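Engineer: Sequence first, predicted model second:
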Amino acid sequence: MKPILKDAVFLLSKIAVLVLFLLLIFGVVFGIYRCNDHAMSPACKDGDLAIVYRLEENFHPSDVIVLEKDGERQIRRVIAAAGDVVDITEKGLVINGYLQQEPDIFTDTLPYEEGIPFPITLGEGEYFVLGDNRPQSTDSRIYGAVRQDEIKGIVITLIRRRGI
């Protein structure tokens, strides 16, 4: 085989291995999701890209996650986990009997009339999620607890999209 042809085959095989590696990494380990609503504003704005780690299995309050509910992917914040009792009263968000102080939330947390009844006790593998922009968010106040298998991953970073 000629040296130039040998080098070309070697280069193409390196490129193929690199492409397969990237497909594996971004197909199994990480994902990219585009925020499509204002439910997490100002933390995540419409059009932002979220890099998601898909292998995480334990989620804690304040984690920002991507979930799939009723065929729609959403970015939401975990508020409570298994065993917690969540109540939303006229005073605000109450978890396990304690009124929550949320310094990064700029609106009141109120229940929706067409939403679920409160209080709710979360079972094993269930999470209660809310959007940061509470008045404009479709979240656990509407559809109830989110099962662990509905969570697609934890957001590890956001890329602000400006004019792309």
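Structural biologist: Great, that's in hand.
Engineer: So the closest residue to residue 39 other than its chain neighbours versus residue 51, what's the distance?
Structural biologist: In space, not counting the residues next to it along the chain, residue 39 is nearest to residue 131; the distance is 3.4 Å by C-beta to C-beta, 6 or more residues apart in numbering. From N, CA and C alone the C-beta is placed, and that goes for glycine too. The span separating residue 131 from residue 51 equals 19 Å under the rule C-beta to C-beta, to the nearest Å.
Engineer: what about the two, which has more around it?
Structural biologist: For the pair residue 131 and residue 51, the greater number of neighbours falls to residue 131 (24 against 15), based on other C-beta atoms under 10 Å.
Engineer: for that one, what are its contacts?
Structural biologist: When contacts are counted by C-beta atoms under 8 Å, 6 or more residues apart in numbering, residue 131 touches 39, 40, 74, 76, 77, 137, 138, 139.
Engineer: Take these and write them to JSON lines, including secondary structure and neighbour count.
Structural biologist: What follows is the contacts of residue 131, written out as JSON lines (DSSP: H, G, I helix; E, B strand; the rest coil; neighbours: other C-beta atoms under 10 Å):
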{"residue": "39", "secondary structure": "coil", "neighbour count": "23"}
{"residue": "40", "secondary structure": "coil", "neighbour count": "26"}
{"residue": "74", "secondary structure": "strand", "neighbour count": "24"}
{"residue": "76", "secondary structure": "strand", "neighbour count": "27"}
{"residue": "77", "secondary structure": "strand", "neighbour count": "24"}
{"residue": "137", "secondary structure": "coil", "neighbour count": "24"}
{"residue": "138", "secondary structure": "coil", "neighbour count": "17"}
{"residue": "139", "secondary structure": "coil", "neighbour count": "24"}
